[in-house]
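**Student:** fold the stuff below for me.
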Amino acid sequence: MLSALSNVFKIPELRDKIVFTLIMFAVFRMGTHIPVPGVDPSAIEQLFNNGSLFGLLDLFSGGAFSKFSIFAMSITPYINAAIIMQLLTVVIPTLEQWSKEGAEGHKKTTKVTRYLTVVLAFFQAVGMSIGLKQAILNPNPVNILIIAITLTAGTVFLMWVGEQITAQGVGNGISLIIFAGIVAALPKNIGTIYSYVQAGTISYFSVLLFGVIALAMIVFVIFVETGFRRIPISYTKRVVGQRAYGGHSSHIPIKINPAGVIPIIFASSVLMFPVTIAQFIEIPWVRTVASYLEWGTPLQTAIYVLLILFFTYFYTAVTVKISDMAENLKKYGGFIPGIRPGQPTADYLDYVLTRVTLAGSVFLAFIAVLPNMIAGMTHIQGVYFGGTALLIVVSVALHTMKQIESMIVMRHYEGFMK
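**Tutor:** Take a look at the predicted model:
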């Protein structure tokens with residue numbers, strides 16, 4: 001492993017990319033400590049101490065939300081805009097045409113996504129400023145507008161940082177920003193566990209159990225995220241002129257978790273919305289209904305699991321084009337042994353994908369409720385581990401390592417993976 005790490009720094013281009021990425025991480029972390037003007041930090045801290053909802057949102061901003069810094073909204077509006085654009089591609093013919101135009105179509109889609117990010121960020125910033133106006137020193141319309149513009153500018157800057165990392169660094173910049181925010185919370189979580197042990201609130205056995213579960217879940221997530229259902233493909237031999245093409249075998253890899261982390265984000269957003277609204281409405285029955293949907297309650301957990309199962313199938317159906325896969329196989333002379341080309345192939349692929357997606361949706365549901373299970377088994381409260389955070393960290397780490405691996409192997413060095 002040490003020799004593999006040394007190989008990274010033997011390639012000037014790769015070394016420069018890694019250094020650039022680390023510099024952008026430093027810029028991101030510095031920005032999380034720049035507060036938005038006109039906000040009372042103690043009032044914000046009090047809000048975070050009163051509930052776990054804000055703490056969960058703070059996790060993905062790398063602590064910027066709890067400080068109400070210029071990066072308080074993190075890159076979330078951009079992610080929402082990208083998801084909306086991906087879903088609209090199915091129903092808007094122009095966007096669907098762009099998706100088939102290669103690099104030029106990607107440029108057009110990216111441009112629209114940026115504009116949509118600014119709109120979503122501004123409305124989210126206004127809503128956040130109004131919802132947290134008790135923490136604003138002088139909550140008049142002008143100050144609220146200034147805070148909203150500041151938060152929007154912070155998100156747009158992070159979007160630019162992410163695009164720069166993608167272009168000049170290693171890995172996907174947007175994913176790496178979220179990754180950096182989650183990993184930045186590790187020292188704080190370790191400090192929290194240490195303080196619990198010092199105070200006698202938890203035992204050393206609970207800490208050991210927590211570590212074993214954490215390690216086992218990381219291994220399990222890696223196993224599932226790298227798992228595929230391989231469908232064998234054969235190609236007929238074609239003769240063009242005096243050369244023969246085809247006649248070989250391959251496979252179609254279908255991921256066990258084709259939807260990624262998106263279903264968890266959808267489900268948590270749907271459940272967070274009524275609870276968030278209820279915190280700012282002084283109506284008894286609204287508060288009562290919201291109490292049943294508090295994070296970790298039996299009703300909330302049951303609805304959460306069902307929503308994840310639904311959104312996994314929904315998002316997979318939107319993003320995985322079975323008909324296009326079958327058409328492309330037929331176009332290039334490929335076929336599944338024992339299955340006729342055309343519609344029978346599409347039906348078979350849909351049959352396999354439906355069953356693979358079931359396994360992926362159950363995996364996502366288990367990962368999503370994992371924090372509640374760990375808290376119940378170890379009695380360690382206030383330390384978020386599992387769910388979206390674990391899936392994002394492992395997925396981004398695997399993707400980035402594969403990209404570094406490919407660059408090392410291209411230069412004839414020994415890589416990480418053997």
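**Student:** any stretches of the stretch 1-150 of the chain with poor pLDDT?
**Tutor:** Regions of the stretch 1-150 of the chain meeting the criterion pLDDT under 70 cover residues 1-8, 45-64.
**Student:** ranges for the strands of it?
**Tutor:** Under the criterion DSSP state E, counting those that start in this stretch, the stretch 1-150 of the chain carries no strands.
**Student:** what ranges do the helices span in it?
**Tutor:** 2-8, 12-31, 41-50, 52-60, 64-67, 76-91, 93-99, 103-131, 141-168 (DSSP state H, counting those that start in this stretch).
**Student:** JSON lines for the ones you listed, including mean neighbour count and distance to P232?
**Tutor:** For glycine as for every other residue, the C-beta is placed from the backbone atoms N, C-alpha and C. Output for those, formatted as JSON lines (neighbours: other C-beta atoms under 10 Å; distance: least, C-beta to C-beta, whole Å):
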{"stretch": "helix 2-8", "mean neighbour count": "13", "distance to P232": "33"}
{"stretch": "helix 12-31", "mean neighbour count": "15", "distance to P232": "36"}
{"stretch": "helix 41-50", "mean neighbour count": "14", "distance to P232": "53"}
{"stretch": "helix 52-60", "mean neighbour count": "19", "distance to P232": "40"}
{"stretch": "helix 64-67", "mean neighbour count": "24", "distance to P232": "48"}
{"stretch": "helix 76-91", "mean neighbour count": "18", "distance to P232": "29"}
{"stretch": "helix 93-99", "mean neighbour count": "14", "distance to P232": "28"}
{"stretch": "helix 103-131", "mean neighbour count": "16", "distance to P232": "32"}
{"stretch": "helix 141-168", "mean neighbour count": "18", "distance to P232": "34"}
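**Student:** any chance of those helices in CSV, with distance to I222 too?
**Tutor:** Below are those laid out as CSV (distance: least, C-beta to C-beta, whole Å):
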stretch, distance to I222
helix 2-8, 18
helix 12-31, 22
helix 41-50, 32
helix 52-60, 21
helix 64-67, 28
helix 76-91, 23
helix 93-99, 30
helix 103-131, 30
helix 141-168, 23
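**Student:** mind checking the ones you listed for the one nearest to I213?
**Tutor:** The minimum distance between I213 and the helices of the stretch 1-150 of the chain falls on helix 52-60, with 18.4 Å, by C-beta to C-beta.
**Student:** max-length helix in this protein?
**Tutor:** The single longest helix within the chain, with elements called by DSSP state H, is helix 343-378.
**Student:** tell me the helices and strands packed up against it.
**Tutor:** Here helix 343-378 touches helix 204-225, strand 228-235, strand 249-255, helix 262-278, helix 298-319, helix 322-331, helix 387-410, going by 3 or more C-beta pairs under 8 Å, 6 or more residues apart in numbering; DSSP states H and E.
**Student:** list the buried residues for whatever helix or strand I178 lives in?
**Tutor:** Per DSSP states H and E: I178 is located in helix 173-183. By neighbour count on 16 or more other C-beta atoms under 10 Å, the buried set for helix 173-183 is 173-182.
**Student:** other SSEs contacting that helix?
**Tutor:** helix 12-31, helix 52-60, helix 76-91, helix 141-168, helix 387-410.
**Student:** make JSON lines out of those helices and add distance to P337.
**Tutor:** Listed next are those as JSON lines, based on distance: least, C-beta to C-beta, whole Å:
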{"stretch": "helix 12-31", "distance to P337": "41"}
{"stretch": "helix 52-60", "distance to P337": "45"}
{"stretch": "helix 76-91", "distance to P337": "31"}
{"stretch": "helix 141-168", "distance to P337": "39"}
{"stretch": "helix 387-410", "distance to P337": "30"}
